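# here's my sequence, what's the structure:
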Amino acid sequence: MKNVRHTLTGALTAVLSAALLCLAVLGTGINAKAAQLATPLEGVDISSYNGNIDFATLRASGISFVMVRVGNTKYGIDSKAVENINAANAAGLRVGAYCYTYAKSAAEAAADAELTLSVINGLPVSFPVAIDIEDKSQQNLPTETQQAIVNTFCAIIQNAGYTPIVYTNKNWFEQKLGAVSWDAWVAQYNPTCTYSGAYTMWQNGIASSIPGAPGQIDHDYVFSDYFNQIVENGTSSVDGATYVNWRKTSGTGFDGTNVTKLSWEQDLLNSIGATTTTTPATTTTTTTTTTSNAEQKKKQLKEAKDDLANKQAYRDACQLQLTLYQQQYDAYYGLFEQLAATPNCDPATLQTAADSVHMKQQEIVDATNNLQTAQADVDAAQAKVDSLSK
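The predicted structure is shown next:
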């Protein structure tokens, strides 16, 4: 999909930027560092490109956590995000999420944060939620802009009850972004991490021989005790905050404004009757035990129902994204009409607004196609369940 650009001009841009920067300032410098682990633990970060992962085998091999790509507003939601989060959790792994952002402004970072929240809401996300800033399209952005991008994203994530973290490579931290007040996840493919700043996670390279993972997969270490800081329900022994379903509901550095779904998200979900909550997927391993036909059919039916639940959740997320694009189109078109009616409007500004309207139209077409494909997958999965239920 095309990149989501915000072409608001004049006073509207000033108001939006001021509001987002205010939010960023509120989030800056208030995250509590987790206690250190006695021994660093291993993890991986994954996306749909990694294919079908046997998470039970992955955990048995010594992996303790998984960071799952959610998607972004440029290319949409990762097709395996919901499935990977549920399946990794079902296997007993701690599960975080990350957004590979293409944002070039605080406003675009906010849009990526909202998309991330719309996907992970209701899912068992029990580890930090990261913004991944490293795309070549961002490498020449001023440090102040990059700081505004990560601060805005992290503030929104934190105020929704999750633990934010910033991912990029060592050189990017040192030469482009600078030190951050949030937890840092540093990528450096090296025997040791030589980043001089504070960090809580380290991506140390690409592994090609981890049981349960087909092909190559990014390998990570965690040094901070998120395992005891982020709890499913109750009071954290690390930061003293209260958690409900892995989300913070009280504590230092948290004002609770986003602990429930943001109002626009809830309105959209109510209007389409959608939810991203699914029945956790199960990971099965082949055994030599002979089962009866009835037991085998029961097993197949359960797997088919899990698959259906995952596909329904992805379809609902696609519907949510389409509705968001439609609302953005209405806003962009309204701005275009205002500019067109403005005497002596700069032709270049008017053309930019028109280009944005056309861009949003194409995004709606792309999102509609994604939704139709997702619905076809749901229909096929439902037919399989119906067939096995007879």
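
# show me how the record splits the chain into domains.
Domain assignment for the chain by automatic domain parsing gives 11-254, 293-389.

# measure the last one end to end?
Distances were taken as CA to CA, to the nearest Å; on that basis the terminal residues of domain 293-389 are 14 Å apart.

# in a markdown table, list the domains of the chain along with mean pLDDT.
Converted to a markdown table, the domains of the chain look like this (pLDDT from 0 to 100):
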| stretch | mean pLDDT |
| --- | --- |
| domain 11-254 | 88 |
| domain 293-389 | 82 |
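
# of those, which stretch is the most buried?
Mean neighbour counts were compared across the domains of the chain using mean count of other CB atoms under 10 Å; the top stretch is domain 11-254, at a mean of 20. (Each C-beta comes from the backbone N, C-alpha and C, glycine too.)

# and residue 193, what is it in contact with?
Contacts for residue 193 (CB atoms under 8 Å, 6 or more residues apart in numbering) come out as 170, 186, 199, 202, 204.

# these two touch, right, residue 367 and residue 325?
Yes: look at residue 367 against residue 325 with CB atoms under 8 Å: they come within range, at 5.3 Å.

# mind listing residues that contact stretch 44-51?
Residues contacting stretch 44-51 (CB under 8 Å, 6+ apart): 53, 58, 63, 66-69, 78-81, 84, 98, 203, 207, 210, 213-215, 217-220.

# and residue 356, what element?
helix 347-389 (DSSP states H and E).

# next helix or strand past the strand or helix carrying residue 228?
In this assignment (DSSP H and E), residue 228 forms part of helix 226-229. Using DSSP H and E, the next helix or strand after helix 226-229 towards the C-terminus is strand 233-235.

# span of stretch 169-184 from start to end?
End-to-end distance of stretch 169-184 (CA to CA): 10 Å.

# residue 135: what's it in contact with?
100-102 are the contacts of residue 135 under CB under 8 Å, 6+ apart.

# tell me the one of the residues you listed nearest residue 194?
When the contacts of residue 135 are compared for distance to residue 194 (CB to CB), residue 100 wins out at 24.2 Å.

# contacts only, for the closest residue to that closest one other than its chain neighbours.
Distances taken as CB to CB, 6 or more residues apart in numbering place residue 132 nearest to residue 100, at 4.4 Å, with adjacent residues excluded. By CB under 8 Å, 6+ apart, the residues touching residue 132 are 98-101, 167-168.

# next one: residue 215
Taking CB under 8 Å, 6+ apart, one finds 50-51, 208 in contact with residue 215.

# need phi/psi at it.
Per-residue torsions, residue 215: phi 70, psi -160 (degrees, to the nearest 10).

# ok, residue 217 next?
Dihedral angles (degrees, to the nearest 10) for residue 217: phi -150, psi 140.

# now the strands for this structure?
36-46, 63-69, 71-72, 76-77, 94-100, 129-132, 164-169, 183-187, 201-207, 217-224, 233-235, 242-244, 247-250 (DSSP state E).

# in CSV: these, plus distance to residue 334.
As requested, the strands of the chain are exported to CSV (distance: least, CB to CB, whole Å):
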stretch, distance to residue 334
strand 36-46, 40
strand 63-69, 33
strand 71-72, 25
strand 76-77, 24
strand 94-100, 28
strand 129-132, 30
strand 164-169, 32
strand 183-187, 39
strand 201-207, 42
strand 217-224, 42
strand 233-235, 44
strand 242-244, 39
strand 247-250, 35
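
# out of those, the one nearest residue 118 is which?
Closest among the strands of the chain, using CB to CB: strand 76-77, at 8.7 Å.

# what angle sits between the lengthiest helix in the chain and helix 347-389?
Once the chain is assigned using DSSP state H, the helix that runs over the most residues is helix 293-340. Here helix 293-340 runs at an angle of 160 degrees relative to helix 347-389 (axes from the mean of the first three to the mean of the last three CA atoms, to 10 degrees).

# still on that earlier bit, gap between the helix holding residue 356 and the chain center?
19 Å (CA atoms, centre = their mean, to the nearest Å).

# just checking, what packs against that helix?
On a contact count with 3 or more CB pairs under 8 Å, 6 or more residues apart in numbering; DSSP states H and E, helix 347-389 meets strand 76-77, helix 293-340.

# looking at those, which is closest to residue 91?
helix 293-340 (13.1 Å).

# can you name every helix or strand that the closest one contacts?
By 3+ CB pairs under 8 Å, 6+ apart, helix 293-340 packs against strand 76-77, helix 81-90, helix 106-120, helix 263-272, helix 347-389.

# okay if I get these as a markdown table plus distance to residue 235?
Compiled in a markdown table, these are given as follows (distance: least, CB to CB, whole Å):
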| stretch | distance to residue 235 |
| --- | --- |
| strand 76-77 | 33 |
| helix 81-90 | 22 |
| helix 106-120 | 23 |
| helix 263-272 | 27 |
| helix 347-389 | 39 |
